[in-house]
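Participant: A predicted structure for the sequence below; I have some questions about it.
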Amino acid sequence: MSTSLPTSETMVSPASVARRPAPGAIAALTATQGLAALEQGKLTCEAWARACLDRIEERNGGVKAWVRVDAEGALARAREWDRHGRRRALDGVPLGIKDTIDTAAMPTELGDPEIFPGRQPEADAPVVTQARELGFNLLGKNTVSRHAIMLPGPARNPHDLSRTPAASSAGSAAAVADFMAPLSIGTQTAGSILRPSAFCGAVGFKPTLDAIPYVAIRRYSRVLDVIGPISRSVDDAALFMRAFTGDPRYDPASSLRSDFRLGVWRPKDWADTEPCMRESFEANLRVLSAAGVKVTELAMPPAFDTMGEAQDVIMAYDLAREYAAIKRDHAALCDPGLIDYLTMGEGLSAADYAGALDAADACRRAFYDAAREVDAVVMPSTLGEAPLASSTGSSAFIRIWSLLHNPSITLPVARGPNGLPLGFQMIGFVKEDARLLYWARCAERILGSTAHLA
């Protein structure tokens, strides 16, 4: 049974929804749907690639989700599969790559085209090599935010070009949400997969730390950096994770249930949520309960409310060291916001850093006790709709899970009063990523999805 969120339509301004043209039928396909059409002979690899490239041509001038597009290469690969046959399960699936991930065939400027103009890696990052070996058709590189951190960048929210797509996987989320590709590879250190996905109306999944090796990618913090997929369905996130990890527990064919248990956590920032987000979240809980899901309130230990600050300590400390040469050699090209953040990180001591790591370890252990009676924890993905493009918004509800390493996912379930997406976040247990995606599939079936809406 699939049930639409009862208040979503009343929360949306009809005039604001019609801000972008609807995609063609092929561009609107998810990866799972496109693969089924390929296997049934109803779609060719060339037609799929061309539909995505046409959408990029139509929309990228405003959305700015791509910094480079390999149209000729993508079409040539697609024609080769059509001519000689698809031999691998994922042959022909269009894919975007965040421009902090090294690619040998295209420059990787790391979000800093002034500091690293035309930077050309000699080899692909392992995740790109694996993507090619799996059969993905790499369309190009997705835009990242200024300095590839929390500062605004050139990409825009596809629903409203005056709004932010967040940071730093901004172009990846905008491209997928705007039907330019069914999947993109993003990365997250604080909230850079989930927040852009939530603001743009995509499904963003952050795995447990090291689920996919983080190598030949711009480094922020060894204890926080992760690779994950941005898609338009949970099935596609599971397909991606199964392909890149080889773990058969990511099973998009498993039957779905409604007798699972969700624990609601309302952290200290709950008071700062916009009314539309609170209304959406509460409506989602009512729909889930009506479908048979057991929803209970969780009392997390008080230390959990300090984890946002602990994450910031670790990220600032590590970033100050990772970006030290940039600050030393290119200060004049650096945004003042980056300089301020690096200066803050330089002022932190090794004892500050160790204290934050210890606090995170204590909360990881406490999570199992606090959430042992539920299958997943739920909370809003963001405080509300995407703000204006002069800000990238808050990651208050997201960054704690980057620090604690819990897998987390945002589901696009509603639109706010300005027609902008609202996300529903689910959090699982460390190294139980496949279980979280299963429960997310169950929730998606009950709540429905707005990812298909133009």
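Facilitator: Now that the structure is in, tell me what you want to look at.

Participant: please look at residue 280 and residue 417 and confirm they touch.
Facilitator: No - shown here, residue 280 and residue 417 do not form a contact pair, counting by CB atoms under 8 Å, at 10.7 Å. For glycine as for every other residue, the C-beta is placed from the backbone atoms N, C-alpha and C.

Participant: neighbour count winner among the two?
Facilitator: Set residue 280 next to residue 417 and count neighbours by other CB atoms under 10 Å: residue 280 wins out with 25 against 16.

Participant: name the element that one belongs to?
Facilitator: helix 275-290 (DSSP states H and E).

Participant: buried stuff in that helix?
Facilitator: 276-281, 283-285, 287-288 (16 or more other CB atoms under 10 Å).

Participant: list of residues touching stretch 289-309?
Facilitator: 1, 3, 258-269, 285, 288, 359-360, 362-363, 366, 370-371, 373-374, 377, 396, 399-400, 403-404, 443, 446 (CB atoms under 8 Å, 6 or more residues apart in numbering).

Participant: that should have said stretch 231-245, apologies.
Facilitator: By CB under 8 Å, 6+ apart, stretch 231-245 touches 30-32, 35, 89-90, 127, 130-131, 134, 176-177, 182-183, 202-203, 205, 207, 211-212, 229, 247-248, 250-252, 409, 411, 433-434, 437-438, 440-441, 444, 449, 451-452.

Participant: for it, what is the distance to the chain centroid?
Facilitator: From the chain centre to the centre of stretch 231-245 is a distance of 12 Å (CA atoms, centre = their mean, to the nearest Å).

Participant: out of the contacts of stretch 289-309, which are buried?
Facilitator: Among these, those that count as buried by neighbour count (16+ other CB under 10 Å) are 260, 262-263, 265-267, 285, 288, 359-360, 363, 370-371, 374, 377, 396, 399-400, 403-404, 443, 446.

Participant: tell me the secondary structure at the closest residue to residue 381 other than its chain neighbours.
Facilitator: Among residues not flanking residue 381 along the chain, residue 423 sits closest, at 3.1 Å (CB to CB, 6 or more residues apart in numbering). Put simply, residue 423 is strand when judged by DSSP: H, G, I helix; E, B strand; the rest coil.

Participant: contacts only, for residue 423.
Facilitator: By CB under 8 Å, 6+ apart, the neighbours of residue 423 are 194, 197-199, 380-382, 410-413.

Participant: ok, now with 10 Å
Facilitator: With contacts defined as CB atoms under 10 Å, 6 or more residues apart in numbering, residue 423 is in contact with 194-195, 197-204, 277, 280-281, 380-382, 397-398, 409-414, 450.

Participant: OK, contacts around the residue nearest the centre of the chain?
Facilitator: With distances taken as CA atoms, centre = their mean, the residue of the chain nearest its centroid is residue 193 (2.8 Å). Residue 193 is in contact with 98, 166, 168-169, 172-173, 184-187, 202, 204-207, 226-230, 398, 402, 408-410, counting by CB under 10 Å, 6+ apart.
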